[in-house]
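Novice: When you get a sec, could you give me coordinates for this:
(chains A and B)
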Amino acid sequence: MIFAAGETVRVKNAWPEASGPVHIRTPHYVRGVVGEVVRRLGEFPNPEELAFGRPAERLPLYHVRFRKDAIWPEPKPDDELLIEIFGHWLERP
Amino acid sequence: MNILETDGERLLSAVRSLLDKKGIVSTAEVQERMAVTDAASPGQGARMVARAWVDPVYRASMLEDGSKAAEALGIPMRGMPPLGVLENTAEVHNLVVCTLCSCYPRAVLGYPPFWYKSAAFRARAVRDPRSLLAAEWKTVIPESVKVRVVDSTADYRWMVLPARPSGTEGWDEARLAGIVREGDMIGVTVPRA
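Specialist: Numbering: from 1, shown residues only, chains lettered A, B, ... in the order given. Here you go, the predicted structure:
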């Protein structure tokens, strides 16, 4: 799936670490959280395969903006987090 | 033999010799990389910041492509992860962290400060950045300014282009570079004249 700048996305609420050794670059605190694609940063080998020396497909990497209050309860809604998320971790909400 | 119990120096020397013999990485390439690593320091990033403060065209190119902008000042970027630059303005203050490990723009800032890798900095930066900056660095971000925490999680490396402080009017590039500290380019502090 390809996402455009400005598009609303949700990080998959997936927990592959529960079923064995993994190398994941998606922080746990944004799993299941809705954000907005800021831009596509490029394509990079899938770190989840690369870390184990397996053939790694190049996947799109996005810069995704999250409102801080979508993640934490503190009342400063204008603050935000900007995080690199691989495309296969994103879905349309 | 258990590789974990092998003498580290001997193992390193054996691996380097094998890499050389097999034509994968030559001794000269290893030495070149070591020289590049040793030359990387916050002074390199500070030169970029100072140039951006005096040259709007350079500033625009730096925000567009940090790697190219670094290379334009002679900073070696070959083999390094792509560099992105985020600008502090009157509306937004950027803070860089890597909650997953210790991703850091080493090509332009050198080795990270010891606290950058600490669990405390990583956890507090994403959870309560304003209190963290105020408590540990006396950096108070006004309520009117948005805090943007940049969690460096994957293949890019991020540095902050801080705002040029007042009181530096007419300063030349070298003098400007002299006031830019490591923390200013991570976003834990802001430069002062």
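
Novice: Please count neighbours and contacts with C-alpha atoms only from this point.
Specialist: Will do.

Novice: Does anything pack onto the least confident helix or strand in chain B by mean pLDDT? Which helices or strands?
Specialist: Ranked by mean pLDDT, DSSP states H and E, the helix or strand of chain B with the weakest confidence is helix B:27-39, at a mean of 89. Using 3 or more C-alpha pairs under 8 Å, 6 or more residues apart in numbering or on different chains; DSSP states H and E as the contact test, no helix or strand touches helix B:27-39.

Novice: Can you give the contact residues for it?
Specialist: Outside helix B:27-39, the residues within contact range by C-alpha atoms under 8 Å, 6 or more residues apart in numbering or on different chains are B:Arg16, B:Asp20, B:Pro76, B:Ala107, B:Gly110.

Novice: close to chain B, is the helix-or-strand element of chain A with minimal mean pLDDT?
Specialist: Using mean pLDDT, DSSP H and E, the weakest-scoring helix or strand in chain A turns out to be helix A:68-71, at a mean of 94. No. Helix A:68-71 lies out of reach of chain B by C-alpha under 8 Å from any C-alpha of the partner chain, never closer than 8.5 Å.

Novice: list the buried ones in that helix?
Specialist: Within helix A:68-71, the residues scored as buried using 16 or more other C-alpha atoms under 10 Å in any protein chain shown are A:Lys68, A:Ile71.

Novice: so where do the helices sit in chain B?
Specialist: B:8-21, B:27-39, B:42-54, B:56-64, B:66-72, B:106-109, B:119-127, B:129-137, B:173-177 (DSSP state H).

Novice: I'd like to know which elements the shortest one is packed against.
Specialist: In other words, helix B:106-109. helix B:42-54.

Novice: if we can go back for a sec, so which of the contacts of helix B:27-39 comes closest to chain A?
Specialist: Of all the contacts of helix B:27-39, chain A sits closest to B:Ala107, with 18.9 Å by C-alpha to the nearest C-alpha.

Novice: Let me know how buried the closest one is, in neighbour terms.
Specialist: Neighbour count for B:Ala107, taken as other C-alpha atoms under 10 Å in any protein chain shown: 28.

Novice: just A:Arg92 next, same as before
Specialist: By the criterion of other C-alpha under 10 Å, A:Arg92 has 12 neighbours.

Novice: Many thanks, I have nothing further to ask.
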